[in-house]
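Q: After the sequence you'll find the predicted model.
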Amino acid sequence: MADTLTPPRERQRRDAGGGLGGAWRVIVLNDSHNTFEGVAFALASVLPSTSYDAGLELAGRIHHQGQAVVWSGHREAAELYWEQLAGRGLTMAPLEQG
């Protein structure tokens, strides 16, 4: 009896972004016109599950590293959060897919 080999199935990685590839990342850039408190308030106001204290931590990371990923996930939500943060005066990098 002959053994038949079946080629392995191609595996596709699913991610938190709901599609193939990585999740969409919302990145805030450091600037010279927003205060730590203003950045923290904007982040806490827009991003789900982000407190003002967590916003302050992110503001520190943005300041010291020049940028920070503040949220990642589905594209539609990333676009919404990006627009809302930009509308509150934060300096935004283009959305990235990871």
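A: Good, I have the coordinates.
Q: got the phi/psi numbers for Thr91?
A: phi -90, psi 120 (degrees, to the nearest 10).
Q: what pairs with it across the strands?
A: Leu29 (DSSP bridges).
Q: Show me what the lowest-mean-pLDDT helix or strand in the chain is packed up against.
A: For the chain, using mean pLDDT, DSSP states H and E, the weakest element among its helices and strands is strand 96-97, scoring a mean of 94. Where contact means 3 or more CB pairs under 8 Å, 6 or more residues apart in numbering; DSSP states H and E, strand 96-97 is packed against strand 24-29. Placement of C-beta: from N, CA and C, glycine included.
Q: The following helix or strand past the strand it packs on versus strand 24-29: what angle between them?
A: Under the assignment DSSP states H and E, the closest C-terminal helix or strand after strand 24-29 is helix 36-46. Using axes from the mean of the first three to the mean of the last three CA atoms, to 10 degrees, the direction of helix 36-46 lies 160 degrees away from that of strand 24-29.
Q: just to revisit the earlier point, the least confident helix or strand of the chain pairs with which strands, and in what direction?
A: Here, using DSSP bridges, strand 96-97 pairs with strand 24-29 (antiparallel).
Q: Can you pull out the residues in contact with the partner strand?
A: With CB atoms under 8 Å, 6 or more residues apart in numbering as the test, strand 24-29 has contacts from 17, 39, 43, 58, 62, 66-75, 78-79, 81-82, 85, 90-93, 95-98.
Q: Give the phi and psi angles for the nearest residue to Ile62 once chain neighbours are set aside, as a check.
A: Nearest-residue entry for Ile62: Ala68, 4.6 Å, with adjacent residues in sequence omitted and distances by CB to CB, 6 or more residues apart in numbering. Note on Ala68: its backbone torsions stand at phi -160, psi 140 [degrees, to the nearest 10].
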